[in-house]
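In: Sequence and predicted structure, then a few things I'm wondering about:
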Amino acid sequence: MNRILKIGMDVHSTNYTLCAMEPVIGAEDRVFANVQVTPDYKNIILFIENLKQKLGMNDTYDIECGYEAGCLGYSLYNQLTKVGVKCVILAPTTMLTEQGQRIKTDSRDAHLIAQCLSYGGYHPVYIPTEQDDSVKEYLRMRDDHKKALKKIKQQIGMFCMRHGYYYEGTKWTIAHQKWLKKLELSPMYQETLDEYLASYEEQTAKIERFDARIEEIASQAEYAEKVKKLGCFLGIKTHTALSLIVETGDFTRFAKGNVYAAYLGLAPGEHSSAVKVNRLGITKAGNSHLRLLLVEAAGGICKGAVGHKSKALRQRQQGNSAEIIAYADKANARLRSKYYRLIRHGKKRNVAVAAVARELACFVWGMMTDNIDVTAA
């Protein structure tokens, strides 16, 4: 007899809660165990073996494990699949949840995950290759240092303001840095500012080194052609292009560009009933890192004249086919025109930029799937 068993796993850094369930159509599901174990994948293997012995070794089992995407990343998935255990990672925003007031415990969460596995109430998380995942981690590490640099800049600015110094020109130019170094402060204040500036220079040097390494990675055979294509868009340089490639993986898994935009959380929400229509902001579901990068790219698009191509953009477009360049140029002009049109109609800038980011995601999908028809995007 072939029996289907679903094992929902509520996983934390301190423990795993496992719920083994056999779905029964038209009747109450059979729950065989709901236990808590230490956070080691070997305990899951032992749990499965003990479960088989309890239910009878004469039967054959179709066993599937699953857990919500979270702090463990892909590590538990990789450990289980390497030993032949079928496993999926569930996207939290797509899971069916209980209606009404909910009592949240680890055992209930594990049971809910088992139910989602049994009845298809979820979408699985895309599992990247080890190479793509390692590049993703490097790119995000660089972004963490970029955030640290921004924090240091803010700290230096506030330090100067607290002591009556304010620079009226453009900040963090060569002239601004010379001005900072020429400030005359008392010894202890000067030592504090010097330490801040040393941290700033150290972080700047690190980021320059990281960016050089990212250029090397982007020139590898598996990424070079795709990065070169995405670089044809305004606002998308090597770092953003490589992030889109390694974190999205297979673009063809999305049927249309607007599906890809929704995956990034750029689709607008809606809460309408009967004749009442209530439009909401973007859903912010899905990959928040790529969403941020596309919004930042859109911010770069929303500057300058429609149809203008900078020298840097022309250099990035060199080496691509005429068809790809024409597609990107049409997208760039259309997106800039859309931004200015929305602003003329009284839309707030953040709303207009989000709308441009949403359509940019559609054009990115078109470029990566060779669906380079601007009218289809």
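Out: It's in. Numbering: from 1, shown residues only.
In: Could I get the full set of helices for the stretch 201-350 of the chain?
Out: Taking DSSP state H, counting those that start in this stretch as the test, the helices found in the stretch 201-350 of the chain are 221-230, 238-248, 257-263, 288-301, 311-317, 322-344, 349-368.
In: In JSON lines, list those helices along with mean neighbour count.
Out: Any C-beta I mention is one placed from the backbone N, CA and C, and that applies to glycine too. Output for the helices of the stretch 201-350 of the chain, formatted as JSON lines (neighbours: other C-beta atoms under 10 Å):
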{"stretch": "helix 221-230", "mean neighbour count": "17"}
{"stretch": "helix 238-248", "mean neighbour count": "22"}
{"stretch": "helix 257-263", "mean neighbour count": "21"}
{"stretch": "helix 288-301", "mean neighbour count": "20"}
{"stretch": "helix 311-317", "mean neighbour count": "14"}
{"stretch": "helix 322-344", "mean neighbour count": "17"}
{"stretch": "helix 349-368", "mean neighbour count": "22"}
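In: Output those as JSON lines; include the columns distance to Thr14.
Out: Below are the helices of the stretch 201-350 of the chain laid out as JSON lines (distance: least, C-beta to C-beta, whole Å):
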{"stretch": "helix 221-230", "distance to Thr14": "38"}
{"stretch": "helix 238-248", "distance to Thr14": "28"}
{"stretch": "helix 257-263", "distance to Thr14": "31"}
{"stretch": "helix 288-301", "distance to Thr14": "25"}
{"stretch": "helix 311-317", "distance to Thr14": "47"}
{"stretch": "helix 322-344", "distance to Thr14": "46"}
{"stretch": "helix 349-368", "distance to Thr14": "37"}
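In: Could I get the average pLDDT for stretch 270-279?
Out: Regarding stretch 270-279, the rounded mean pLDDT is 73.
In: Not counting it itself, show me its contacts.
Out: Pro268, Gly269, Leu280 (C-beta atoms under 8 Å, 6 or more residues apart in numbering).
In: What about those, which one has the most neighbours?
Out: Of all the contacts of stretch 270-279, Pro268 has the most neighbours under the rule other C-beta atoms under 10 Å, reaching 15 neighbours.
In: In this structure that one contacts Ala285, no?
Out: No - using C-beta atoms under 8 Å as the test, Pro268 is too far from Ala285 to be in contact (11.8 Å).
In: that older thread, in TSV: the helices of the stretch 201-350 of the chain, plus distance to Lys171 and mean pLDDT.
Out: Formatted as TSV, the helices of the stretch 201-350 of the chain follow (distance: least, C-beta to C-beta, whole Å; pLDDT from 0 to 100):
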stretch	distance to Lys171	mean pLDDT
helix 221-230	30	96
helix 238-248	22	97
helix 257-263	34	93
helix 288-301	18	95
helix 311-317	22	95
helix 322-344	26	96
helix 349-368	21	96
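In: how about these, which one is nearest Ile113?
Out: Each of these has some distance to Ile113 by C-beta to C-beta; the shortest is helix 257-263, at 21.2 Å.
In: how far does that closest one sit from the chain's center?
Out: Relative to the centre of its chain, helix 257-263 is centred 13 Å away, using C-alpha atoms, centre = their mean, to the nearest Å.
In: and that helix, what does it pack onto?
Out: Secondary-structure packing of helix 257-263 (3 or more C-beta pairs under 8 Å, 6 or more residues apart in numbering; DSSP states H and E): helix 349-368.
In: quick revisit: between the contacts of stretch 270-279, which is closest to Thr14?
Out: Thr14 has its nearest neighbour among these in Gly269, at 34.5 Å by C-beta to C-beta.
In: quick check, distance from stretch 142-150 to the centre of its chain.
Out: Its chain's C-alpha centre and that of stretch 142-150 lie 17 Å apart, by C-alpha atoms, centre = their mean.
In: now what about that stretch, what contacts it?
Out: Under C-beta under 8 Å, 6+ apart, the answer for stretch 142-150 is Tyr200, Gln203, Thr204, Lys206, Ile207, Phe210, Asp211, Ile214, His239, His289.
In: In TSV: those, plus distance to Leu90.
Out: Converted to TSV, these look like this (distance: C-beta to C-beta, whole Å):
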residue	distance to Leu90
Tyr200	42
Gln203	37
Thr204	41
Lys206	36
Ile207	35
Phe210	33
Asp211	35
Ile214	31
His239	30
His289	19
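In: Could you tell me which of those count as buried?
Out: Neighbour-count burial (16 or more other C-beta atoms under 10 Å) applied to the contacts of stretch 142-150 gives Tyr200, Gln203, Ile207, Phe210, Ile214, His239.
In: Could I get the buried residue list for the helix or strand where Arg3 lies?
Out: Secondary structure from DSSP states H and E places Arg3 in strand 2-11. Residues of strand 2-11 classed as buried: Leu5, Lys6, Ile7, Gly8, Met9, Asp10, Val11 (neighbour count, 16+ other C-beta under 10 Å).
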